[in-house]
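Asker: When you get a sec, could you give me coordinates for this:
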Amino acid sequence: MLVKTIGKIKWGQTNTYQHLSPAELRSLLEEALKHSTRNWLMLLVKYLHGLRATELITLTKESIQGGNLVVQRLKNGYLNVQPLHEDADELFSEAAPLQRLAALSVAGCRLFPVSRIQ
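Answerer: Numbers count the residues shown, from 1 in each chain. Alright, predicted model coming up:
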């Protein structure tokens, strides 16, 4: 197998990424919710759907369709439709808050308007 080295990552080998444990994820979401419902929802949607930052911030009202999240993936360019997640634990349930946010949003405008410009 051909192995290509880019920086410290050797592609073609088992990855060595470290992921958040369930307890760490819970702690992160709880802390985000203390500061901002928007930030909590952004983190939750990004986590549940595996979105890149750019994919997350380009979501619009039209991205929420009939209990699904419709995302135009940037890296491979395909359209992805995933069901919104509901959970008995409200901390991990995105469906109702995301649908409320979409209902309050203006058509064509971003659900999570963020910018690097301060």
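
Asker: The residue sitting nearest the centre point of the chain: what's it in contact with?
Answerer: By CA atoms, centre = their mean, the chain has its centre lying nearest to Lys46, at 1.2 Å. Residues in contact with Lys46, defined by CB atoms under 8 Å, 6 or more residues apart in numbering, are Ala53, Leu56. (C-beta placed from N, C-alpha, C; glycine too.)

Asker: What of Val81?
Answerer: Counting by CB under 8 Å, 6+ apart, Val81 makes contact with Gln65, Asn68, Leu69, Val70, Val71.

Asker: what do you get for Met42?
Answerer: Neighbouring residues of Met42 by CB under 8 Å, 6+ apart: Leu56, Phe112.

Asker: Would you check which pair of the contacts of Val81 lies furthest apart?
Answerer: Gln65 and Val71 (11.0 Å; CB to CB).

Asker: Just want to know which of the two has more residues nearby.
Answerer: Neighbours were counted for Gln65 and for Val71 using other CB atoms under 10 Å; Val71 has more, 21 against 12.

Asker: quick check, that one in a strand?
Answerer: Yes: assessed by DSSP: H, G, I helix; E, B strand; the rest coil, Val71 belongs to a strand.

Asker: Specify the beta-bridge partners of it.
Answerer: Asn80 (DSSP bridges).
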